[in-house]
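Enquirer: Sequence and predicted structure below; questions after.
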Amino acid sequence: MKRVIVLGSSGSIGLSTCKVARELPERMKIVGLAVQRSVPALLEQVAEFGVRAVAVTNEESADEAAGALPAGCRLHRGNQGLVDLVRETEADMVLVAIVGTAGLAPALAALETGKDLAVASKEILVMAGQSVMSLAGQRGRMVLPVDSEHNAIFQCLQQTPEREVRRLILTASGGPFRTSGKEDLAHVTVEQALKHPTWEMGRKITIDSATLFNKGLEMIEAKWLFGVDMQKIDVVVHPQSIVHSMVEFVDHSVLAQLSHSDMCFPIQYAVTYPDRLPNQLPSLDFAKLGQLLFEAPDPDRFPALTLARRAGTEGGTLPAVFNAANEVAVERFLQRQSTFPRIWESVARVMDQHRNIASPSLDAIVDADAWAREACEALYR
């Protein structure tokens with residue numbers, strides 16, 4: 001039995017995690033939940049799983065939850081409440097599915113208190129990958145990937161030494177504008193960008209998929225998760241999203257992980273690792289699939305991958321700047337205050353303005369994040 005705290009339990013990853021817990025009650029017990037505002041969903045989950053500790057980061061929503069939670073269920077408030085929930089709840093694993101930088105402090109708290117970390121939030125390792133992986137090593141804890149791409153690589157590698165790995169190949173769906181011309185991207189609407197062809201996700205990550213920034217973030221994340229140099233990390237567009245990623249070894253053989261597009265697959269493997277258990281998820285029918293398509297991403301139409309490679313190669317505080325500027329630029333686009341191409345144009349400008357710190361402390365990373373947000377906001381004034 002693995003006791004799991006789920007941070008971001010009302011989002012798509014959180015809901016899939018609850019589905020896995022529902023299917024595997026003998027192996028997984030949810031003991032803590034956290035949301036930002038979704039109190040009705042939280043209350044349903046508390047009742048279903050008998051949870052005795054929760055966190056609500058929005059103060060207004062926390063007031064709402066305080067009057068509705070059952071007796072004996074402890075409520076933690078605000079972003080500090082996420083840390084308190086992790087520190088004060090007995091658990092084996094913390095699954096972080098919070099979009100943005102708020103997941104970093106509770107992720108570190110999980111490792112510090114001897115809990116394994118399941119990571120669905122890219123920002124944690126993009127901002128502070130060296131600190132997170134170093135702390136995990138010091139405490140003898142695992143950092144298990146929940147992103148389908150990194151989980152696929154994790155399954156393919158299985159403790160293979162870095163010297164035997166030629167490259168990691170992350171697959172990308174290509175998003176809704178995979179076949180759009182460069183000139184057409186200037187006229188993309190918010191509604192069009194939110195229509196992902198494969199996955200149902202939150203608004204921010206759906207825009208990141210449309211710009212390929214999500215894949216850029218995953219490149220940097222893979223560097224830290226698997227201890228490889230950026231030049232060993234490639235991206236290929238695969239619109240069917242059946243091959244979730246691949247590993248090419250030095251003998252040029254390639255292993256790939258394939259499954260239907262359902263986040264329950266990687267979540268279950270992260271929770272039950274190293275075991276594989278039966279479930280109700282669908283099998284692949286290769287005859288029905290017929291063929292799988294692959295194509296190279298176009299860096300001219302989607303510069304995010306080039307910017308990510310630069311950020312990951314230079315390291316220091318630049319990945320945090322890359323991530324923070326993108327968050328601001330995406331929000332401006334969602335608020336209809338920016339064009340679609342201006343997202344990557346803004347990120348590039350902020351990166352160019354940044355004075356990189358090569359070996360930053362956590363405080364320096366947090367400062368760089370704040371600086372990048374202000375610098376990006378200034379571009380829209």
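Expert: Arrived safely, thanks for sending.
Enquirer: Show me the helices in the stretch 51-200 of the chain, by range?
Expert: Using DSSP state H, counting those that start in this stretch, the helices of the stretch 51-200 of the chain run over 59-66, 78-88, 104-112, 122-139, 148-157, 190-193.
Enquirer: possible to save the ones you listed as a markdown table with mean neighbour count?
Expert: In short, each C-beta sits where N, CA and C put it, glycine included. What follows is those, written out as a markdown table (neighbours: other CB atoms under 10 Å):
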| stretch | mean neighbour count |
| --- | --- |
| helix 59-66 | 16 |
| helix 78-88 | 19 |
| helix 104-112 | 23 |
| helix 122-139 | 20 |
| helix 148-157 | 24 |
| helix 190-193 | 14 |
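Enquirer: Just send these back as JSON lines, with distance to residue 296 and mean pLDDT too.
Expert: Formatted as JSON lines, the helices of the stretch 51-200 of the chain follow (distance: least, CB to CB, whole Å; pLDDT from 0 to 100):
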{"stretch": "helix 59-66", "distance to residue 296": "44", "mean pLDDT": "96"}
{"stretch": "helix 78-88", "distance to residue 296": "40", "mean pLDDT": "97"}
{"stretch": "helix 104-112", "distance to residue 296": "33", "mean pLDDT": "96"}
{"stretch": "helix 122-139", "distance to residue 296": "23", "mean pLDDT": "94"}
{"stretch": "helix 148-157", "distance to residue 296": "17", "mean pLDDT": "96"}
{"stretch": "helix 190-193", "distance to residue 296": "22", "mean pLDDT": "95"}
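Enquirer: Distance to residue 281 for those helices - can I get that in CSV?
Expert: Output for the helices of the stretch 51-200 of the chain, formatted as CSV (distance: least, CB to CB, whole Å):
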stretch, distance to residue 281
helix 59-66, 32
helix 78-88, 29
helix 104-112, 27
helix 122-139, 24
helix 148-157, 13
helix 190-193, 29
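Enquirer: For residue 165, which of these is the nearest?
Expert: Residue 165 lies closest, by CB to CB, to one member of the helices of the stretch 51-200 of the chain: helix 148-157, at 7.2 Å.
Enquirer: Export only the CA atoms of the closest one, formatted as PDB.
Expert: The C-alpha trace of helix 148-157 is given here as PDB (Å, rounded to 0.1, in the frame of the first residue of the first chain):
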ATOM      1  CA  SER A 148       3.800  10.600 -20.300                       C
ATOM      2  CA  GLU A 149       7.000  11.400 -22.200                       C
ATOM      3  CA  HIS A 150       9.400  11.200 -19.300                       C
ATOM      4  CA  ASN A 151       7.600   8.200 -17.900                       C
ATOM      5  CA  ALA A 152       8.100   6.500 -21.200                       C
ATOM      6  CA  ILE A 153      11.900   7.300 -21.100                       C
ATOM      7  CA  PHE A 154      12.000   6.100 -17.500                       C
ATOM      8  CA  GLN A 155      10.500   2.800 -18.600                       C
ATOM      9  CA  CYS A 156      12.900   2.400 -21.600                       C
ATOM     10  CA  LEU A 157      16.000   3.300 -19.700                       C
END
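Enquirer: Much appreciated, bye for now.
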